[in-house]
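Undergrad: Dropping a prediction and its sequence here:
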Amino acid sequence: MSGNNVQKAAERAHYPLFIPFIMAGDPDQETTVDLALKLEEAGAHILELGIPYSDPLADGPLLQRSASRALQSGMSLRRALELIPVMRERGLTIPVIAFTYYNPVLQMGEQHFFDQIKENGGDGALIPDLPYEESRDIHRLAGERGLVNISLAAPTSGNRIEKIAAEAEGFLYCVSSLGVTGTRDNFPPEAYSFIEKVKRNSSVPVAAGFGISNPSQVKSLEGVCDGVIVGSAIMKKVEENLERLQNPEEKSSALDAVKSFVSSLISS
Amino acid sequence: MKTMYPDEKGRYGNFGGKFVPETLMYALEELEEALDEAMQDPAFVDEYHRTLREYAGRPTALTYAERITKHFGGASIYLKREDLLHTGAHKLNNAIGQALLAGRMGKKKIVAETGAGQHGVATATVCAAMGLECKVFMGEEDTRRQELNVFRMELLGAEVVPVTSGSKTLKDATNEAIRYWVANVEDTFYLIGSVVGPHPYPRMVRDFQRIIGDETKEQMAEKTGKLPDAVAACVGGGSNAIGMFHPFLEDDVKLFGAEAAGEGTHTEKHAATINKGTKGVIHGSLTYLIQDENGQIIEPYSISAGLDYPGIGPEHAHLAESGRVTYTGVTDKEALDALTLLTKKEGILPAVETAHALHLAFQQAAEMSKEQTIVICLSGRGDKDVHSIKEFMEREA
């Protein structure tokens, strides 16, 4: 199963395996491409390309706002996937995973969705509202194309962890704490034992996400899991720099602000 | 045989299921286990029925609407009076069932969503009566349309949280309630108000609402000695309708669901999920929904805050696909005309939601013979709607 690009990249990485999330189309397509390249420059190993959705159940206010801005800019699942070849053309080499809620996939058609990922040079998908029981076909469709479907484990997974881990490919996304996405200052102590348990059960690298926003959190997970997924904290930087990102004269320094934040997380 | 669903994955034919983040899967499994165990425990079932009888006022009356029947000159029209239930709508049946279950599971905190406010009021009511903590998410737009219900909930000791995300209505209130539940899943019970959401919610809510149809069947047998020829109900998420329809599914009874056509299904302003929607996932369930070609959910429109939901219970989606139930769109205007007629002829002011079923049933009754009967689920009373009815009439005049 480790024939896929995502797992190779994840296994090659030294701690922290760093997986940033950016919302396609927030604030516009060009910026999304620019950000992807900056993230690779900063040392990201795998990119999660977020597809905006009208009803993002697992997301907190920050990513909800980000999705609304992206939808207003005209972003859709199809357009987001078409950004991948643009990124590749400009030199992006790290694997790209499409992060999307299930409904847009269903409208596009599951087969067509994976065909489009493949054709556009993407490497896999992550569908947060498609639990283990409903993801049989998705895993198969991804596997047939040499792509991965990323599995998630949550603190409430309990004895589900084993079967989730057994199916995981690429890397295993460990939801660090209950609740929606968004930055948290620290994790509850039980988060570490949960993440350790997932790590023990997993044969693929384990990355923790949800709430990671500062270098000390990243440092505290060293030895517990293999890496981190950071989304809201990055999109918060984007939100803080919205106007500058859309102003040609200030864009470059705004992108650098995002990059230096990410670098500080990676080098922690 | 038709009622052998949902299957173990929570599917009703091609619809239903559990499309939720992994964090909630354990809670849904725990709920399903507790529900199955409770429903097989005669003590629990007795307590549910006793509470319905002694607290909520069941059985509700079945009223023969004589003057309306004469007016249309067709089938005899009967009204199943859920408007007479405590708090004024069918919602309480379900709220009582789920709150009893929450208590049994040891959960003291209840979270709910509400559109028109009827489910919020029902939930706040049972929480007050059972000493549970209650938080109700309600779209900001709906808190304005249903100001009095907000006050009622607060009076009952509930915290009403206005939701400002998305289009600020029922869909968004449901999103927010689910998000809150995800964060507090260990000690909080999500008391959903309709036959929507992930499995086992659609089944649970149906089973707590089927008392409507069960009573109707008995009462019709007493009054007429037979089954009705037809039954009609309004459909938003679809809980009063499924409660009414379910006991009749195997019988030779025509079933009609009225969905909100708003300003007309030829316009963009409607909530006719079954007639105009396509298959998709909303709030954890695969069903019909109103969405664009990219799978983004579109905010529906109806004069009624209780029907403007972009999805529909998965069992209704299945019953529509199988052809067992006929679902028809009814416009704002048609609904309000029916509402006015019933009020003037029978002295019963129905909810605007219910008025959609009235229009559809009146049309059917007019075409049926005098020997036939039709029952309408009078799902709620219209006091809460007086403001918006007045506004609409002034606009139309």
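TA: Perfect, thanks for sending it. Numbering: from 1, shown residues only, chains lettered A, B, ... in the order given.
Undergrad: any weak-confidence spans in the chain?
TA: I'll assume chain A. A:1-3 (pLDDT under 70).
Undergrad: Chain B was what I was after
TA: Across chain B, the ranges flagged by pLDDT under 70 are B:1-3.
Undergrad: which parts of the stretch 101-250 of chain B sit against chain A?
TA: B:165, B:166, B:171, B:175, B:178, B:179, B:182, B:183, B:184, B:185, B:186 (CB under 8 Å from any CB of the partner chain). All C-beta atoms are positioned from the backbone trio N, CA, C, and that covers glycine.
Undergrad: cutoff 6 Å now
TA: B:165, B:175, B:178, B:179, B:182, B:183 (CB under 6 Å from any CB of the partner chain).
Undergrad: can you tell me the helix or strand for the fourth one?
TA: Counting by DSSP states H and E, the secondary-structure element that holds residue B:179 is helix B:170-183.
Undergrad: Check which helices and strands the longest helix seen in chain A sits against.
TA: Longest helix in chain A, counting residues (DSSP state H): helix A:251-266. Under the contact criterion of 3 or more CB pairs under 6 Å, 6 or more residues apart in numbering or on different chains; DSSP states H and E, helix A:251-266 touches helix A:29-42, helix A:215-220, helix A:242-245.
Undergrad: got the contact list for the lengthiest strand in chain A?
TA: Once chain A is assigned using DSSP state E, the strand that runs over the most residues is strand A:17-23. Contacts with strand A:17-23, where a contact means CB atoms under 6 Å, 6 or more residues apart in numbering or on different chains, come from A:10, A:35, A:39, A:44-46, A:48, A:50, A:52, A:66, A:70, A:205, A:207, A:226-227, A:229-231, A:234-235, A:266.
Undergrad: Restricted to buried residues, select those in ChimeraX.
TA: Here is the ChimeraX command that selects the buried residues among the contacts of strand A:17-23 (16 or more other CB atoms under 10 Å in any protein chain shown):
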select /A:10,35,39,44,45,46,48,50,52,66,70,205,207,226,227,229,230,231,234,235,266
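Undergrad: Could you tell me which of the contacts of strand A:17-23 belong to strands?
TA: Reading strands off those with DSSP E, I get A:48, A:50, A:207, A:227, A:229, A:230.
Undergrad: ok, and the closest non-adjacent residue to the fifth one?
TA: Closest residue to residue A:229 apart from its sequence neighbours, by CB to CB, 6 or more residues apart in numbering or on different chains: residue A:209 at 3.3 Å.
Undergrad: who does that neighbour bridge with?
TA: Residue A:209 has these beta-bridge partners by DSSP bridges: residue A:175.
Undergrad: how many neighbours does it have?
TA: 21 (other CB atoms under 10 Å in any protein chain shown).
Undergrad: ok, it to chain B distance?
TA: Going from residue A:209 to chain B by CB to the nearest CB, to the nearest Å gives 12 Å.
Undergrad: With residue A:235 instead?
TA: 16 Å.
Undergrad: Double-check that residue against residue A:66; I have them as touching.
TA: Yes - Residue A:235 lies in contact with residue A:66 (CB atoms under 6 Å); the separation is 4.7 Å.
Undergrad: what residues does the stretch 1-150 of chain A put near chain B?
TA: Residues of the stretch 1-150 of chain A lying near chain B (CB under 6 Å from any CB): A:54-55, A:57-58, A:64, A:76, A:102-104, A:106-107, A:128-129, A:131.
Undergrad: Export those residues to CSV and append columns for distance to residue B:253 and neighbour count.
TA: Below are those laid out as CSV (distance: CB to CB, whole Å; neighbours: other CB atoms under 10 Å in any protein chain shown):
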residue, distance to residue B:253, neighbour count
A:54, 38, 26
A:55, 36, 25
A:57, 37, 22
A:58, 42, 23
A:64, 45, 24
A:76, 44, 22
A:102, 36, 22
A:103, 35, 26
A:104, 40, 26
A:106, 34, 20
A:107, 36, 22
A:128, 42, 23
A:129, 37, 24
A:131, 38, 26
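Undergrad: Now the most centrally placed residue in chain A: closest residue in space, sequence neighbours ignored.
TA: Nearest to the mean C-alpha position of chain A, by CA atoms, centre = their mean, lies residue A:48 at 3.1 Å. Excluding its sequence neighbours, the residue lying closest to residue A:48 (CB to CB, 6+ apart) is residue A:21, at 4.1 Å.
Undergrad: Distance check, that neighbour against residue A:235.
TA: Residue A:21 sits 7 Å away from residue A:235, going by CB to CB, to the nearest Å.
Undergrad: other SSEs contacting the helix or strand residue B:315 falls within?
TA: According to DSSP H and E, residue B:315 maps onto helix B:314-322. Under the contact criterion of 3+ CB pairs under 6 Å, 6+ apart, helix B:314-322 touches strand B:11-12, strand B:15-16, strand B:285-289.
Undergrad: Any idea which of these gets closest to residue B:275?
TA: Nearest to residue B:275, of all the helices and strands packed on helix B:314-322, is strand B:285-289, at 9.0 Å by CB to CB.
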